[in-house]
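> Structure of the sequence below:
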Amino acid sequence: VQLQASGGGLVQPGGSPQLSCTASEFSKDYYTIAWFRQAPGKERERVSCLAGTDGGRHYADSVTGRFTTFRDNAKSTVYLQMNDLKPEDTAIYYCAANILSCYYDMEYWGKGTQVTVSS
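Okay, the predicted model is just below:
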C-alpha cells in the first residue's frame, strides 16, 4: 500500500487547510487511516484515526473540535480538515494505515507533508 499525503504549506494562524491522503486501496472501507504529526524536537503524535471497521473517529485532545477526518472512497482519499490553526500545529503531517483498527500500530506510512502556521 503506497500512501501519498498532500496539502501542506504555509498557513496563517486561524487558517483552514485540508490535507489529503490517497492510495488506490482506500476505495475499500476496511482500511483504518490515521494522521500523525511530528514537530521539531517533539515526539510523534497521533492526531486522528478513522476506523475502517465501524467508521469511528478518534482525535487527540489537542485538535478535538478543530480537526475532522473523513473519507471519499470514490476518490480513494482520506482527508484531514484542519480549522483554526495555531502556531503549535506546525509539524510534518503523515498519513498511515492498517487493516485492523485504531488500537493497533499502523502498518503503512506515507511521506509527510509540512504544515507551517505563521503570520
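> who's in contact with the residue nearest the centre of the chain?
By CA atoms, centre = their mean, the mean C-alpha position of the chain lies nearest to residue 35, the distance being 2.8 Å. Counting by CB atoms under 8 Å, 6 or more residues apart in numbering, residue 35 touches 19, 21, 46-49, 69, 80, 93-96. Just so you know, the C-beta spots here come from the backbone N, C-alpha and C atoms, and that holds for glycine as well.
> now residue 62
Counted by CB under 8 Å, 6+ apart, residue 62 has contacts 45, 47, 88.
> repeat that with 6 Å
With contacts defined as CB atoms under 6 Å, 6 or more residues apart in numbering, residue 62 has no neighbours.
> mind checking the SS state of it?
Secondary structure state of residue 62, per DSSP: H, G, I helix; E, B strand; the rest coil, is coil.
> go on, the one 3 residues further on?
Assigned state for residue 65: coil (three-state reduction, three-state DSSP).
> Tell me, how many residues neighbour it?
9 (other CB atoms under 10 Å).
> And residue 50, by the same measure?
By other CB under 10 Å, the residues close to residue 50 number 22.
> now it, which residues is it bridged with?
residue 33, residue 57 (DSSP bridges).
> What separation do you get for it and residue 90?
Separation of residue 50 from residue 90 (CB to CB, to the nearest Å) stands at 23 Å.
> got it, and residue 117?
Distance from residue 117 to residue 90, counting by CB to CB: 5 Å.
> on that earlier part again, and the pLDDT for the residue nearest to the centre of the chain?
We have a pLDDT of 98 for residue 35.
> Could you verify that it is part of a strand?
Yes. Assessed with three-state DSSP, residue 35 lies in a strand.
> i'd like the first residue to be 32 from this point on
Noted, 32 is the first residue going forward, which turns the last one into residue 66.
> measure it to residue 150 for me?
Going from residue 66 to residue 150 by CB to CB gives 24 Å.
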